[in-house]
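Colleague: Can you look at this prediction? I've put the sequence above it.
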Amino acid sequence: MSVVLEAPRVRSGAAAATAAAICWIALGIDSVARGGAETSRDVFVLLPWVLTAFAVTQLHLAQRPPAGRRTWIEPVGYWAVMVAMLLTLVGTAAWPLDIPALQVLGFPLGVMIWLVAMIAFGWGTVRAGVFPTWAGVLLALLEPGSILTGLLLSPIAGLEDHGNYSAGLEKGVLLLLLAGALRRASVGAADTAE
């Protein structure tokens, strides 16, 4: 008996990934166009951050056994991503609130944990075998690509420890591609359920 993905769950993940992508791209364009660190961006980034967390959670729930192959790296990667996202969320929120003791949780601590966690979660997504291999590879490359994008755009946008999200351009593009994989899976799940 084959297991069917829950189409509503996968569709909601695709919608969240699409909304997050649009927000990340808008944030990236603003960061490149105006440069520098803006505290207002530290507030706005919370929206794509939470949407990204929701999309990742829906992806995780859709590929758990019995839908996906049992693998230790996927749940470990997922929970590490959630811890890193929470640390980064608290640290990022500390900038507009001017709480220096918590700012380190966002950068560098949260970002470094998120880098490793997303690679693990991406590998776990590939191993689970529910979504296309390239979707897992995109997840694994999300933060390394983001760091590289930020470095490449630094002559234009600057390189800041907060308030500049030029790398949101890369996150947005990869999340749009991931949303496409989720959408295709939800159509397949809906067709199979009928």
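Modeller: Perfect, I can see it now. Bear in mind that the values here come from a model prediction, so they are computed numbers and not experimental data.
Colleague: Quick test: name the residue nearest the centre of this protein.
Modeller: Thr52 (4.5 Å; C-alpha atoms, centre = their mean).
Colleague: residues in contact with the nearest residue to it once chain neighbours are set aside?
Modeller: Leaving aside its sequence neighbours, Thr52 sits nearest to Ala20 (C-beta to C-beta, 6 or more residues apart in numbering; 4.5 Å). Backbone N, C-alpha and C define where each C-beta goes, glycine included. Ala20 sits next to 48, 51-52, 55, 171-172, 175 when contact means C-beta atoms under 8 Å, 6 or more residues apart in numbering.
Colleague: Quick one: name whatever helix or strand follows whichever helix in the chain runs longest.
Modeller: When the chain is parsed with DSSP state H, its longest helix is helix 7-34. Next in sequence after helix 7-34, counting helices and strands by DSSP states H and E, comes helix 39-44.
Colleague: Identify all contacting residues around that next one.
Modeller: 23, 27, 30-31, 92-93, 95-96, 162-165.
Colleague: Need the three-state assignment for the closest residue to Gly129 other than its chain neighbours.
Modeller: Leaving out its chain neighbours, the residue that sits closest to Gly129 by C-beta to C-beta, 6+ apart is Arg69, at 5.1 Å. Secondary structure, DSSP: H, G, I helix; E, B strand; the rest coil: Arg69 is coil.
Colleague: Model confidence score at Arg69, please.
Modeller: For Arg69, the pLDDT comes out at 79.
Colleague: do the same with Ser12
Modeller: For Ser12, pLDDT reads 93.
Colleague: That one contacts Gln58, correct?
Modeller: Yes - when contacts are counted by C-beta atoms under 8 Å, Ser12 is listed as touching Gln58 (5.6 Å).
Colleague: Look up how far Leu176 lies from Ile25.
Modeller: 8 Å (C-beta to C-beta, to the nearest Å).
Colleague: more neighbours, these two?
Modeller: A direct count of neighbours by other C-beta atoms under 10 Å for Ile25 and Leu176 places Ile25 higher, at 19 against 16.
Colleague: Name the helix or strand for the closest residue to that one other than its chain neighbours, please.
Modeller: Excluding its sequence neighbours, the residue lying closest to Ile25 (C-beta to C-beta, 6+ apart) is Gly172, at 3.5 Å. Taking DSSP H and E as the definition, Gly172 sits inside helix 168-193.
Colleague: Report the contact partners of the residue nearest to Ala37 when sequence neighbours are not counted.
Modeller: Ranked by C-beta to C-beta, 6+ apart and with sequence neighbours excluded, the top spatial neighbour of Ala37 is Gly163, at 3.2 Å. With contact taken as C-beta under 8 Å, 6+ apart, Gly163 is in contact with 36-39, 41-42, 95.
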